[in-house]
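*Asks:* Let me see the structure of the following:
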Amino acid sequence: MNVKVLGAANEVGRSGFLVDCNGTKLLMDYGVLFGKRGSLPQYPLHVKPKDLDAIIITHAHLDHSGNVPSLFVSGNTDVFATPPTFDLSQLLIEDMLKITKDAQPFGLPELNNMMRNAKEIDYKQKITKGNATFELRETGHVIGGSSVLIESEKKKLFYTGDIKTHGSRMLREADLDVGDIDLLIIESTYSQSDQKPRQESERELIEFANEVMDRKGVLFIPSFSVERSQEIACILRSARFKHKIIMDGMALKVNDIMFRHPNYLRDPEVFADAINEAIAIKDHDKRKRAIEDPCVVISPAGMLVGGNATYYLQQLSFDSKNGIALVSYQGEGTPGKKLLDTGKVNTRGKDLNVAAEVKQFQFSGHADRDELFEVIRKIKGNPKVLTVHGDTESCEKFSQEIHDQFGLDAHAPSVDEITTI
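*Replies:* Have a look, this model is predicted:
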C-alpha cells in the first residue's frame, strides 16, 4: 500500500490523498483552497478519474469536498460518504459556484453527476473495492464527518480527516478504536496551541449575551452556517437564555439538513428544542424589524465575508449598547480579522470605528494540542505518521514531537510525496 499526497501538506486546504492498494486506487478527499479575496482558488494535484476505484469524502467542508465534482466532467466513479456529508456538500458546493461563478473547473452538471454516483454509507459499514476494504469512523468535527480506515493485504491506514476528539454539545466524541495501524495521517491545524475548555467558552458567551441584553442591546454572533450556528443556538437554549434568538442565512438550510439526520447528533432533542425556539428570518422586512428589540442574532458568514452578516454588521456596529461575539476562526484578510485587530469596519468605502463591544470566543471544531496527542496515545501499533493540514511550522514541529515522545517514524510530507507501508 502506498499513499500519494495531492494536497493539504503544510497548509490548511485542498486536501487530497491517493491510496494505491496494489492496483486498487482510493481517493480520500479532493478539496479547494481559497486564498485572499480576489485570488484564484487552488486545487490538489490532478488525478485521472478513470484510474480511480472509489472516492471517499470525509466531510462536507469545501477544503475537503469542493473539487470532487471536477472528477465528473466525463466518466463515473463511485463516491462514498455519510448521508449528511452528501447533503451538506451539495449545499456548500452549489453556494460556492454561485459566489465564484466561472472560477471553478466545473459547474452544476458535474455536481449533479457526482450526486448521481453518491453511495451513502454509515459509520463502521465495511466496503470492499478490489484489493481493499474501507470504513468510516466518527470524528466529532462536523455532522456526518468521518475518519477513514483502509485495510489491504494485512496493512492498515487511518486518516483522521478533521477531528475533534471530545466532540461538542452537538456531536459525539471521535471513534479511535481502530486496532493496530501501519500508517496514520493526522491533521495538525492546532498542534501548537491549546484551546480554552468548551465549558468555559460557553459560560463566557452566555455572560456576554446577558450583559448586552441588560443594556437593551442586540448581540450579533456571525457564525459558520454548518455546525457553529446550531451549536451556539443549543448553548443559549441549554442555558435557559430568556431573550429572543434570531437565525438567518444559509444556517436555516443547514438546520433542515440536520433535522433529516438526527442519528448523527449527540442529542437530537436538545437540537430540535433550540432550533424550534429560534426565529427564522427569511426576508428583509423581518430582518429589519427583528433587531428593533433586544435579541441575539446568529447569522453567517462567520468571518463577515458577505452573506446577511454584512447587513447586521452595518446596522449594529455603531451603537455602544450592542455587542459582536466572534465565535469562528478569522482568516487573514477577512473583515472579521480586521474588526478584531483594528476595531474598524468598512462602510461605503470608509473604515469606521466600531462602537459596539467586540469579543472573541473559542469554539473550534478542530482538536487542539492536547487532543491531538491524545489521538497519538490511543493509536495502537507502530505506525508511520504523516502530519498534514496545518501550516509548515505546525506540521513540522508536531512530527518532531511525535518522534521524540513516542519513538514513531513521523514527518511532515510535501505535495507529490509517496509513502509506502
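*Asks:* give me the beta-bridge partners of the spatially closest residue to Gln125 that is not a sequence neighbour?
*Replies:* Of all residues not flanking Gln125 in the chain, Glu135 sits nearest, at 6.1 Å (CB to CB, 6 or more residues apart in numbering). Every residue, glycine included, has its C-beta placed from N, CA and C. In this entry, Glu135 is beta-bridged to Leu149, by DSSP bridges.
*Asks:* pLDDT value on Glu135, please?
*Replies:* On pLDDT, Glu135 comes in at 98.
*Asks:* quick one: it and Leu149 touch, right?
*Replies:* Yes: the pair Glu135 and Leu149 qualifies as a contact (CB atoms under 8 Å) at a distance of 5.3 Å.
*Asks:* what comes up buried for stretch 169-178?
*Replies:* Residues of stretch 169-178 classed as buried by neighbour count (16 or more other CB atoms under 10 Å): 169-171, 173-176, 178.
*Asks:* Same question for stretch 139-157.
*Replies:* 139-152, 155-157.
*Asks:* Would you point out the helix or strand in the chain whose mean pLDDT is lowest?
*Replies:* The weakest-scoring helix or strand in the chain, judged by mean pLDDT, DSSP states H and E, is strand 344-347 (a mean of 90).
*Asks:* And that strand, what does it pack against?
*Replies:* Strand 344-347 sits against helix 309-316, helix 335-342, strand 350-353, with contacts defined as 3 or more CB pairs under 8 Å, 6 or more residues apart in numbering; DSSP states H and E.
*Asks:* and the ones you listed as JSON lines, adding mean pLDDT and mean neighbour count?
*Replies:* As requested, the helices and strands packed on strand 344-347 are exported to JSON lines (pLDDT from 0 to 100; neighbours: other CB atoms under 10 Å):
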{"stretch": "helix 309-316", "mean pLDDT": "93", "mean neighbour count": "20"}
{"stretch": "helix 335-342", "mean pLDDT": "93", "mean neighbour count": "18"}
{"stretch": "strand 350-353", "mean pLDDT": "92", "mean neighbour count": "11"}
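*Asks:* which ones are touching the residue nearest to Gln125?
*Replies:* 121, 123-127, 148-149 (CB atoms under 8 Å, 6 or more residues apart in numbering).
*Asks:* if you set the cut-off to 10 Å instead, what comes out?
*Replies:* Residues near Glu135 by CB atoms under 10 Å, 6 or more residues apart in numbering: 56, 80, 121-127, 146-151, 178.
*Asks:* Name the SS class of the residue lying closest to Ala355 once chain neighbours are set aside, please.
*Replies:* Sequence neighbours aside, Ser320 is the residue nearest to Ala355 in space, at 4.5 Å (criterion: CB to CB, 6+ apart). Recorded secondary structure, Ser320: coil (DSSP: H, G, I helix; E, B strand; the rest coil).
*Asks:* any idea how far the closest residue to Gln360 other than its chain neighbours is from Ile186?
*Replies:* In space, Gln360 comes closest to Leu326 once its chain neighbours are excluded; the distance is 4.5 Å by CB to CB, 6+ apart. Leu326 sits 28 Å away from Ile186, taking CB to CB, to the nearest Å as the criterion.
*Asks:* just Leu6 next, same as before
*Replies:* 17 Å.
*Asks:* about what we covered before: look at Leu326 and Ile186 and report which has more neighbours.
*Replies:* Ile186 (28 against 22; other CB atoms under 10 Å).
*Asks:* Would you double-check that the more buried one falls in a strand?
*Replies:* Yes: Ile186: assigned to a strand according to three-state DSSP.
*Asks:* which residues touch it?
*Replies:* 147, 158-161, 163, 367, 372, 375-376, 379, 383, 385-390, 395, 398-399, 402, 410.
*Asks:* what do you get for His389?
*Replies:* 7-13, 15, 29, 31, 63-64, 160-163, 185-189, 191, 366, 395.
*Asks:* again with Lys350
*Replies:* Lys344.
*Asks:* Give me the distance between it and Ala301.
*Replies:* Going from Lys350 to Ala301 by CB to CB gives 21 Å.
*Asks:* Where does the prediction get shaky in the stretch 151-300 of the chain?
*Replies:* Within the stretch 151-300 of the chain, no stretch has pLDDT under 70.
*Asks:* can you check the stretch 1-150 of the chain too?
*Replies:* Looking at the stretch 1-150 of the chain by pLDDT under 70, you get 36-38.
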